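> Fold the following.
(one chain, ligands or ions: 1)
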Amino acid sequence: MFNNIIQSKYYPIIGSSLIILFYIHYSLPLLVLAYFIIAYFVHNYQRGPIRTYNSVNLEGKIVIITGASAGIGKETAKRLAWQNATIIFACRDESKTMKVINEIKQVTGNSKLHYMNLQLDDYDNVSEFVKNFKSKFGVLDILINNAGIAQWWHKYNKNNHELVFATNYLGHFLLTRLLMDSLTKESRIIIVSSVMHELIRSKLNFNDVLNGKYLENYNNTKYCGVLLCLKLSQMLKNTKVVALHPGVIKTELLDKAGNTILLQLIQKIMFWFFRPMTLSVEEGAETTIYCTLMPYRELLSGGYYEKNRLSKYSKSIEKLNQVEELWEFSNQILKQYL
Ligand SMILES: NC(=O)c1ccc[n+]([C@@H]2O[C@H](COP(=O)([O-])OP(=O)(O)OC[C@H]3O[C@@H](n4cnc5c(N)ncnc54)[C@H](OP(=O)(O)O)[C@@H]3O)[C@@H](O)[C@H]2O)c1
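Okay, here's the model as predicted:
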């Protein structure tokens with residue numbers, strides 16, 4: 001039998017098996033090591049320098065954070081609670097948010113944390129939120145436009161506006177516009193955008209964005225967030241407005257994207273594989289916290305921040321020149337609420 005194998009047609013199979021075993025034995029550990037070294041550098045590159053502003057006291061400062069019930073918004077709220085801020089959790093799910101508020105109250109001892117219902121894709125609700133906020137708090141020091149969704153398939157709000165655009169951009173546009181007269185001197189507006197804004201290379205037709213004519217709208221909304229930041233920074237003299245990319249973080253964002261089972265599985269495998277390269281949620285909140293806590297004079301209005309430092313918008317932003325067009329379009333679409 002042994003002789004048969006040695007002499008026979010099995011040569012190629014035995015040979016290649018030995019090569020594969022040799023390869024696995026010697027190369028696999030090397031590949032794993034290389035993967036972790038690359039992951040370490042990618043992770044550190046994404047994170048940027050570590051900033052600490054532990055001594056900043058936000059006592060008396062009123063902060064609104066949209067989408068503070070989960071992910072980056074929740075971590076941002078926790079950190080600002082440590083700094084004594086009065087925080088309005090502008091969120092859509094009361095029981096989920098109250099759990100988060102109670103958890104943060106317990107660890108930080110800050111009792112000035114308030115839930116206020118905000119459903120960004122419902123413009124009547126946004127107007128109602130602003131009325132309630134003004135009657136309870138009057139002034140606003142820091143607005144953090146953080147909430148966001150991604151969707152694999154188009155959905156629409158009750159105005160028949162594509163849901164991602166309505167939530168990520170139009171709802172925040174309306175919120176910001178209505179709150180502008182409550183902003184204090186040396187106030188800040190922080191817009192959580194994304195590096196995905198860089199994928200927009202040709203002019204957007206905003207009507208098509210609104211009607212869901214583009215295949216997907218997430219990147220479009222992040223581009224619009226940047227344009228809004230630029231417009232507001234030109235308009236507001238006593239308020240600094242910035243946009244930022246938080247990094248790539250495993251949060252609930254894609255879990256809620258309307259996935260099929262197959263997409264969920266692919267996502268899980270991808271995130272599992274890339275996990276060592278992505279940021280933790282705490283790290284993902286750092287750029288927002290950096291922009292919120294850094295000395296006012298150092299913050300560049302109209303600036304784009306990422307990796308805990310000042311960065312640059314995509315070159316297309318200037319070339320495409322859509323700041324005014326988007327401003328006019330948004331005012332027109334939402335004129336009955338303004
Ligand atoms: N994760 C990343 O890698 C990444 C990268 C770049 C940019 N970003 C941006 O970072 C921001 C935060 O995202 P995340 O990753 O932390 O996602 P997340 O964990 O899904 O948190 C999103 C938050 O937005 C809230 N929200 C969603 N739709 C809303 C609506 N219609 N009205 C009011 N609130 C609503 C969610 O409320 P519920 O808890 O009720 O769902 C939640 O609090 C988003 O703007 C996202 O685009 C994230």
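> S301 looks like it's in a strand, true?
No - according to DSSP: H, G, I helix; E, B strand; the rest coil, S301 belongs to no strand; its state is coil.
> show me the contacts for it.
Going by Cβ atoms under 8 Å, 6 or more residues apart in numbering, S301 touches S233, L236, T239, K240, V241, V242. Heads up, the C-betas are built off the backbone N, CA and C, glycines and all.
> ok, now with 7 Å
Neighbouring residues of S301 by Cβ atoms under 7 Å, 6 or more residues apart in numbering: S233, K240, V241, V242.
> how close does it sit to L232?
9 Å (Cβ to Cβ, to the nearest Å).
> Common neighbours of those two, please.
V241.
> Relative to the helix or strand containing F89, what are the paired strands and their orientations?
According to DSSP states H and E, F89 maps onto strand 86-91. Here strand 86-91 is paired, per DSSP bridges, with strand 62-66 (parallel), strand 113-117 (parallel).
> Deepest in the core, which of the ones you listed is it.
strand 62-66 (a mean of 26; mean count of other Cβ atoms under 10 Å).
> ok now that one, how far from the chain's centre?
15 Å (Cα atoms, centre = their mean, to the nearest Å).
> swap in stretch 271-287?
Distance, stretch centre to chain centre, for stretch 271-287: 12 Å (Cα atoms, centre = their mean).
> Quick check: residues of this structure near the ligand?
Taking Cβ under 6 Å from any ligand atom, the part of the chain that reaches the ligand is made up of 66-67, 69-73, 91-93, 96, 118-121, 146-149, 167, 192, 194, 245-246, 248-249, 251-253, 256.
> In strands only, show me those residues.
Counting by DSSP state E, the residues of the chain next to the ligand place T66, C91, V192, H245 in strands.
> Please name the residues that touch the last one.
Contact analysis of H245 by Cβ under 7 Å, 6+ apart lists S193, S194, V195, E306.
> Among the residues you listed, which one lies nearest to V126?
For the contacts of H245, the residue nearest V126 by Cβ to Cβ is S193; the value is 19.4 Å.
> Return the residues in contact with that closest one.
Contacts of S193 by Cβ under 7 Å, 6+ apart are K222, G225, V226, A243, L244, H245.
> out of these, which is most surrounded?
A243 (29 neighbours; other Cβ atoms under 10 Å).
> On the three-state scheme, it is what?
strand.
> Distance check, it against K237.
According to Cβ to Cβ, A243 and K237 sit 19 Å apart.
> do the same with I62
Per Cβ to Cβ, I62 is found 20 Å from K237.
> And S194, by the same measure?
To K237, S194 is 28 Å away according to Cβ to Cβ.
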